[in-house]
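# Build me a model:
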Amino acid sequence: MTRKISEASEILDAMTGDDPELRQMIADSELRADIARLVYDAREGAALTQQQLADLAGLSASTIKAIEESDYRSDLLEKFDVIRRALNLQIRIMAVPNSVSTPKRARKSA
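All right, here's what the predicted structure looks like:
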């Protein structure tokens with residue numbers, strides 16, 4: 001009898017195997033989603049529209065919209081820094097294990 005896979009990381013492991021490019025794409029998507037949520041929550045918390053935040057940050061409303069929809073890729077971290085400065089927010093960085101675990105073979109060599 002096979003064990004039921006229930007954890008998201010186990011499902012992704014089963015789907016991606018040892019494909020480093022696919023794993024990186026997943027990690028990049030997770031980062032964009034995290035930043036999208038942070039920007040949206042901060043903007044809503046400040047009771048601002050996308051246009052108002054764009055004006056404060058010196059960006060376009062379409063850039064704010066794209067970031068909030070996880071659809072902005074080019075210089076996302078730089079834009080996020082501009083937005084957080086406009087909203088007078090601090091950044092606190094915390095390192096946590098990847099949600100997509102590293103294959104056991106790669107762990108031994110790391």
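# what's the least confident helix or strand in the protein, going by average pLDDT?
Least confident element among the helices and strands of the chain, by mean pLDDT, DSSP states H and E: helix 104-109 (a mean of 47).
# The residue most central in space within the chain and Ser70, how far apart?
Nearest to the mean C-alpha position of the chain, by C-alpha atoms, centre = their mean, lies Leu31 at 1.8 Å. Using C-beta to C-beta, to the nearest Å, Leu31 is found at 9 Å from Ser70. Placement of C-beta: from N, CA and C, glycine included.
# longest helix of this protein?
helix 20-45 (DSSP state H).
# packing partners for the helix or strand hosting Glu10?
Assigned by DSSP states H and E, Glu10 falls within helix 8-16. Secondary-structure packing of helix 8-16 (3 or more C-beta pairs under 8 Å, 6 or more residues apart in numbering; DSSP states H and E): helix 20-45.
# Report the buried residues of the helix it packs on.
Arg23, Ile26, Arg32, Ile35, Ala36, Leu38, Val39, Tyr40, Ala42, Arg43 (16 or more other C-beta atoms under 10 Å).
# which of those lies closest to Ala61?
Within the buried residues of helix 20-45, proximity to Ala61 (C-beta to C-beta) peaks at Arg43, which comes in at 11.2 Å.
# Surely that closest one touches Gln50?
Yes: assessed by C-beta atoms under 8 Å, Arg43 is found in contact with Gln50 at 7.0 Å.
# Overlap in contacts, these two.
Common neighbours of Arg43 and Gln50, using C-beta atoms under 8 Å, 6 or more residues apart in numbering, are Ile64, Glu68.
# give the contact list for the closest residue to Leu53 other than its chain neighbours.
Closest residue to Leu53 apart from its sequence neighbours, by C-beta to C-beta, 6 or more residues apart in numbering: Arg43 at 5.0 Å. Arg43 makes contacts with Gln50, Leu53, Ile64, Glu68, Leu87, as judged by C-beta under 8 Å, 6+ apart.
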